[in-house]
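Novice: Pasting the sequence and the predicted model now:
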Amino acid sequence: MHNSSPTMKIRHLLLTFDLPLPAYRIRAFRSAMIEWAGRENDLLHNHLNPEYNPNIERGGFKYRYPLVQYRTHKGKAALVALNEGADALGNILSNRQWEIMLDGKPTPLRIADLQMREHTLAYTDTPKRYTLQNWIALNQQNYREYQQIEELIDRAERLENLLAAQIITFARAMDWQIEERFAVTIQQFTPKTVDYHNNKLMAFDVVFDAPLHLPNGIGLGKATSHGFGVVYKAR
């Protein structure tokens, strides 16, 4: 029971454009949006290289949970933006001509759907079931450790620990005071290979249970801003 545990309300924006976009083109769409918004809007990317500030070394990188994440949603280009990310996106959309340069071609942006919701992050008395798609769970070090684990049940336990840690990373970014201990139970996981920055990486499709009320469409793990590791409530 977690009735006394704190809850946290967050703003959750899903913006879908009338622009067909297969998953392999998310990277190109993200690059086009960053250039269109201006690199000074660093909530749309995590690079510390704004040209207007000579005191920041170009090429730096800020490690933080991305508050704007790039997606395909029902086959179309989409953005998920949380809290300050939603604010930044709203400001940019109101101050720009709605045209991006996608693969060198002027491409108009038209909104197909805009959903702005308030979501309450909270513990639940009974576990909720979620799916997690194209989850890049492992960095180089824990990939090697994972490969040395022989038993399937032990591999699942390792992934459960990583998933719980990544949920905590998301919670901290939302300023949600989540407890360090909660049970994540993986019901099934399927390894697969995905392409990220022209590298072949191991990823997983996962079904898991957790006693948490998580928003649809948030990303967990590596490369969440590029559409990997997307969480959905199971039907």
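Specialist: The structure has been received and is ready for your questions. Remember, it's a predicted structure, so these values are computed and weren't measured experimentally.

Novice: from here on, contacts and neighbour counts on C-alpha atoms
Specialist: Fine.

Novice: what comes up buried for stretch 73-86?
Specialist: Buried residues in stretch 73-86, counted by 16 or more other Cα atoms under 10 Å: His73, Lys76, Ala77, Ala78, Leu79, Val80, Ala81, Leu82, Asn83, Glu84, Gly85, Ala86.

Novice: which helices and strands does the longest helix along the chain pack with?
Specialist: When the chain is parsed with DSSP state H, its longest helix is helix 152-173. Under the contact definition 3 or more Cα pairs under 8 Å, 6 or more residues apart in numbering; DSSP states H and E, helix 152-173 sits against strand 185-196.

Novice: Residues contacting the strand it packs on, please?
Specialist: Outside strand 185-196, the residues that touch it by Cα atoms under 8 Å, 6 or more residues apart in numbering are 134, 156-157, 159-160, 200-210.

Novice: Now list the buried members of those residues.
Specialist: Applying 16+ other Cα under 10 Å to these flags 134, 156, 159-160, 201-210 as buried.

Novice: Just the ones of these in strands?
Specialist: Counting by DSSP state E, those place Asn134, Leu201, Met202, Ala203, Phe204, Asp205, Val206, Val207, Phe208, Asp209, Ala210 in strands.

Novice: any chance of those in CSV, with pLDDT and distance to Gly229 too?
Specialist: Formatted as CSV, these follow (pLDDT from 0 to 100; distance: Cα to Cα, whole Å):
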residue, pLDDT, distance to Gly229
Asn134, 96, 5
Leu201, 94, 13
Met202, 95, 12
Ala203, 97, 9
Phe204, 98, 8
Asp205, 98, 8
Val206, 98, 9
Val207, 98, 12
Phe208, 98, 13
Asp209, 98, 15
Ala210, 96, 16
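
Novice: out of those, who's nearest Thr126?
Specialist: Set against Thr126, the nearest of those by Cα to Cα is Ala210 (8.3 Å).

Novice: okay, now the domains of this protein?
Specialist: Domains of the chain are assigned by automatic domain parsing as 8-117, 122-233.

Novice: on that earlier part again, between all of the buried residues of stretch 73-86, which two are at the greatest distance?
Specialist: Among those, the pair separated by the greatest distance (Cα to Cα) is Lys76 and Glu84, at 23.6 Å.

Novice: what about Arg172, neighbour count?
Specialist: 13 (other Cα atoms under 10 Å).

Novice: oh, I was asking about Ser31
Specialist: Residues within reach of Ser31, counting by other Cα under 10 Å, total 16.

Novice: buried sites along whichever strand or helix holds it?
Specialist: Using DSSP states H and E, Ser31 sits in helix 26-37. Residues of helix 26-37 classed as buried by neighbour count (16+ other Cα under 10 Å): Ile26, Arg27, Phe29, Arg30, Ser31, Ala32, Met33, Ile34, Trp36, Ala37.

Novice: Can you tell me what sits against whatever helix or strand Ile100 lives in?
Specialist: Element membership for Ile100, per DSSP H and E: strand 99-102. Outside strand 99-102, the residues that touch it by Cα under 8 Å, 6+ apart are Ala28, Phe29, Ala32, Met33, Trp36, Pro106, Thr107, Pro108, Leu109.

Novice: Just send these back as CSV, with distance to Ser94 and pLDDT too.
Specialist: Below are the contacts of strand 99-102 laid out as CSV (distance: Cα to Cα, whole Å; pLDDT from 0 to 100):
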residue, distance to Ser94, pLDDT
Ala28, 23, 94
Phe29, 19, 95
Ala32, 17, 93
Met33, 14, 90
Trp36, 13, 88
Pro106, 19, 95
Thr107, 18, 95
Pro108, 15, 93
Leu109, 13, 92
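
Novice: Quick check: buried residues in the longest helix of the chain?
Specialist: By 16+ other Cα under 10 Å, the buried positions in helix 152-173 come out as 155-156, 159-160, 162-171.
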